[in-house]
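Trainee: here is my input; please provide its structure:
(chains A and B)
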Amino acid sequence: MGSLVTVLKEQIKSFYLVRRLSFYEMKSENNNNYLGILWELISPLIQIAVYAFVFGFGIIGSGHGRKPVDHIDYFSWLIAGFCVWYFINQAIIQGSRSVFSRIRMVSKMSFPTSVIPTYVIFAKFYQHLMLLVIVVIMLQFSGHLLSIQFLQIPYYMFASILFLVALSLITSTLSTIIRDVHMLLQAVMRMLLYLSPILWLPDPKNTTITFIMKLNPIYYLVEGYRSALLGDPSWYMLEHLRYTIYFWVVVIILFIIGSKVHIKFRDRFIDFL
Amino acid sequence: MTSSVVVKNVTKCYKMYNKNSDKILDIFLGNKGEEFYALRGVTFTAEKGDVIGIIGVNGSGKSTLSNIISGVIPPTEGTVKSKGSTSLIAIASGLKSELTGRENIELKCLMLGFSKKEIRKLEPEIIEFAEIGKFIDQPVKSYSSGMKSRLGFAISVTVNPDILVIDEALSVGDQAFADKCLDKMNSFKEQGKTIFFISHSIGQVKKFCDKALWLENGMVRDYGLIDDIVPKYQKFLKEYKQMTPEQKKAFQQDRLNKNDNVQQQELSPSKVLEVKQVESNDIPSRSQERKHKKKRKGNKKRRLFTVIFCLLVICIIGIVGYNSLSAESLNSVKSVFKHEGNSKAKNKAVTDVEDNGNNGKISTNRPVKEAKTEQNVEMAVVSKSQVNLRDKASLNSSIVGSATFGDAFIIKEKQSDPNEDGVNWFKVILPDNSNAWVSSSVVQDVNSTDHEMKAEPTLLSNLLEQRHLPSDLGAISDLFSSTFTKIKKDYSNQIVSQNNTGQLETLNLSSASLVGQTQADTLEQVNIMAINQNYASNSFTNSLGAPVLSDELDGIYVYFEKQLEIKVYVSTNGKMNKITFFKVKK
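Mentor: Okay, the predicted model is just below:
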């Protein structure tokens, strides 16, 4: 518990630093391209276009367009979920490599290493905000007007950031010690795209499959975003109160494990390079 | 005076792993890998305002200590207490190559904990100090190494740290910038900041520092006023330079062993200036005990492992042997079946062969092969005029000798250079039976059987006969295997004169000479001189065939025959001069 408090304190104390550093992080990543930060939007939009064509029109729709999911047209349904998935995917992969790729530079500075994954995730969060704006505009045109449920969005953003920080504390530590973890994680993330309700939703009548898929906390985040963006009249997080509790228990457990391993190994990070 | 940095019994231990799997096992079990101590029990105190030069030969732990003082790496044991902020200036200054110089300044200051307002104030100062002009708005990746280090230095200096650690950072900039830095540091000195200065330039250390910390193999050899330490260090350097690589190695080993027994015995109190000795006997001894225990445990494990390994190897050999034997008999059986249909006579022959194969095949095959390899010797013949022989297969290793054109050595081992593409190294046997490495780019790889002369030229045997030497090259070759004393006795009636130079003894016959080594009692070389000028070199060399190697300019042609190296020297007028015979040592 002591390590959890230490890490949380460090996060809160260096929040200003996180905001500033994530800005430079984003800048340095896109300095090389002519279109610069625009690429942070272009590449997810291309992916959305391809997935919408393949899964909404090609494979499952067999050329006639796909049946609506939950009474919502497939394209709107897809982009509402995909915008948060893209953020989670990028943040997990970048978060996992955040420590070992930056420790050499950062170790000479006087700031806590537990902040490294956080600011990398925040750099991805800005991109997520931009994508979200685009997606919301697109949804206005396809008839999903903004509703009062949109107010849930900040809650889900907060939830996904906390989840990502907790997870990245574990993955960044492990992949610094054993570089293979990062490779494994990349493979798992590629798979998770198909095992989370991004491109398809399991039949709610098949309870076992739904139950197993719901164990994945990303399920909660994606469905939560959807309900908020698509104007589902109910409040997802209250409607599924038990699932909300499950999600937060998972996040807290991840945070406890993450801060424990991080504190245990952080003095030796530089030795593992 | 107050102490600014207190380093107490600092030890840094790195682990060296032979395999990746050891690394993982060490993380979870904690007893794998070979320990390497970069620092051992380093204890000293720096007062506020001290400028301390850290000196020592390569590998003595200077950079490790500077990293530990500035908090980049944590010590394995011991503590470092420093008052105020520490700033490390090293050549690799940790700039982000994608960002511009200006952005890097902002980023670095941000990481050092400055507010936006302070950064805005510092920025022009840093830019002015770095003197990189318009480049400040270009990405750092386009900077030259001098610009990078200047920017890094400017940032570290301007942020006004309380303790400054400079790790050879001044060696990159030009003289003007180095002077500017020294000025800046002198002003720091006046402000009473603590500075650690690491440099190989004794001159800079002498000019700049008041105290010196002499590290040797990770321990403090001496610590005190600069005027006391530097002369001692210079004297030591002089001795150290004269050591051979082996001695240097032994010296380091010696120091390491000493380390194990007594820690810090070098630091006698009279020499030490304001150094607070810390009672440090307790912790190291305990850790040593632990280490011994571990070792014992490790030995047991290792023995068990070796036994299992041996059993495995025996099993594998057994299986492979069994399989190959059965495959062989299977093959012969197959061949029997194949030939069965042909004719009865053949069939009989085959069965004979089969009989032979089962009994004698394995035993007879080997000696034949061995005999072949004995004849077929791979040699490296030097093809450049002056060639270095080295003690390791790398350009960085030390030179153990040299060889000239036409010198031949037997190749014992081949190895490719890991650093340079296309360069191979040959391990060769020198005449004194020691080994050395030579690069493939300066020698020619010669297979002795490939270059046997088709027929022994009569010209050569005539020449030999005229000098009452055995006319047959085989007999010459045999001379090299008999003792020199015997040769001396055999040719005693022909010897005109003889002279000794060191270990070499030359017997001068009429227009020929035999050179022998007195200590080893072997024949080194056979020379035939004063060759009848009628022999035009062309006709002679043509009769010998194409030379293995030739140096047209100096007129040297190298041949091989019966493992004899035959060198034909031709003078500038195109006439033959001298022929030498030399047998390549095994």
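
Trainee: from here on, just use CA atoms for contacts and neighbour counts.
Mentor: Fine.

Trainee: low-confidence ranges in the stretch 251-400 of chain B?
Mentor: Counting by pLDDT under 70, the stretch 251-400 of chain B contains low-confidence ranges at B:251-303, B:318, B:320-377, B:385-386, B:396.

Trainee: likewise for the stretch 101-250 of chain A?
Mentor: A:107-110.

Trainee: which parts of it are helices?
Mentor: Ranges of helices in the stretch 101-250 of chain A, per DSSP state H, counting those that start in this stretch, are A:115-141, A:153-177, A:180-195, A:207-214, A:217-229, A:236-239, A:241-265.

Trainee: using a markdown table, lay out the ones you listed together with mean neighbour count and distance to chain B.
Mentor: Converted to a markdown table, the helices of the stretch 101-250 of chain A look like this (neighbours: other CA atoms under 10 Å in any protein chain shown; distance: least, CA to the nearest CA, whole Å):
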| stretch | mean neighbour count | distance to chain B |
| --- | --- | --- |
| helix A:115-141 | 20 | 11 |
| helix A:153-177 | 22 | 8 |
| helix A:180-195 | 14 | 11 |
| helix A:207-214 | 13 | 32 |
| helix A:217-229 | 23 | 29 |
| helix A:236-239 | 15 | 38 |
| helix A:241-265 | 18 | 10 |
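
Trainee: which one, of the ones you listed, ends up nearest to residue A:49?
Mentor: helix A:115-141 (12.4 Å; CA to CA).

Trainee: list phi and psi for residue B:565.
Mentor: Torsion angles at residue B:565 (phi, psi; degrees, to the nearest 10) stand at phi -90, psi 120.

Trainee: measure it to residue A:41 for me?
Mentor: According to CA to CA, to the nearest Å, residue B:565 stands 75 Å off from residue A:41.

Trainee: between the two, point out the one with more neighbours.
Mentor: residue B:565 (23 against 15; other CA atoms under 10 Å in any protein chain shown).

Trainee: what's the distance between the more buried one and residue B:122?
Mentor: 75 Å.

Trainee: likewise residue B:395?
Mentor: From residue B:395 across to residue B:122, the span is 47 Å (CA to CA).

Trainee: again with residue A:154
Mentor: From residue A:154 across to residue B:122, the span is 37 Å (CA to CA).

Trainee: same deal with residue B:208?
Mentor: Residue B:208 is 26 Å from residue B:122, by CA to CA.

Trainee: ok, residue 241 - contacts?
Mentor: I'll assume chain A. If a contact means CA atoms under 8 Å, 6 or more residues apart in numbering or on different chains, then residue A:241 has no contacts.

Trainee: quick one: residues contacting residue B:559.
Mentor: Taking CA under 8 Å, 6+ apart, we find residue B:559 in contact with B:451, B:547-549, B:565-567.

Trainee: which single one of the residues you listed is nearest to chain A?
Mentor: Checking the contacts of residue B:559 against chain A by CA to the nearest CA gives residue B:549 as the nearest, at 50.4 Å.

Trainee: tell me how many other residues crowd the closest residue to residue B:132 other than its chain neighbours.
Mentor: Nearest non-adjacent residue to residue B:132, counting by CA to CA, 6 or more residues apart in numbering or on different chains: residue B:147, 6.6 Å away. Close neighbours of residue B:147, defined as other CA under 10 Å, add up to 20.

Trainee: is it true that residue B:147 lies in a strand?
Mentor: No - using DSSP: H, G, I helix; E, B strand; the rest coil, the secondary structure at residue B:147 is helix, not a strand.

Trainee: so how far is residue A:151 from the most centrally placed residue in chain B?
Mentor: For chain B, the residue nearest the mean C-alpha position is residue B:397 (4.2 Å; CA atoms, centre = their mean). Distance, residue B:397 to residue A:151, by CA to CA: 71 Å.

Trainee: what's the helix or strand for residue B:15?
Mentor: Using DSSP states H and E, residue B:15 sits in strand B:3-16.

Trainee: and the angle from the helix or strand following that strand to strand B:3-16?
Mentor: The helix or strand immediately downstream of strand B:3-16 is helix B:20-28, counting by DSSP H and E. Helix B:20-28 and strand B:3-16 are oriented at 130 degrees to each other (axes from the mean of the first three to the mean of the last three CA atoms, to 10 degrees).

Trainee: what's the following helix or strand after helix B:20-28?
Mentor: As the chain continues past helix B:20-28, the following element, by DSSP H and E, is strand B:34-47.

Trainee: let me see the confidence value for residue 42.
Mentor: Since you didn't name a chain, this refers to chain A. Per-residue confidence (pLDDT) for residue A:42: 90.

Trainee: right idea, wrong chain: chain B
Mentor: pLDDT recorded at residue B:42 is 88.

Trainee: who's in contact with it?
Mentor: When contacts are counted by CA under 8 Å, 6+ apart, residue B:42 touches B:7-11, B:218-220.

Trainee: so it bridges to which residues?
Mentor: For residue B:42, the beta-bridge partners under DSSP bridges are residue B:10.
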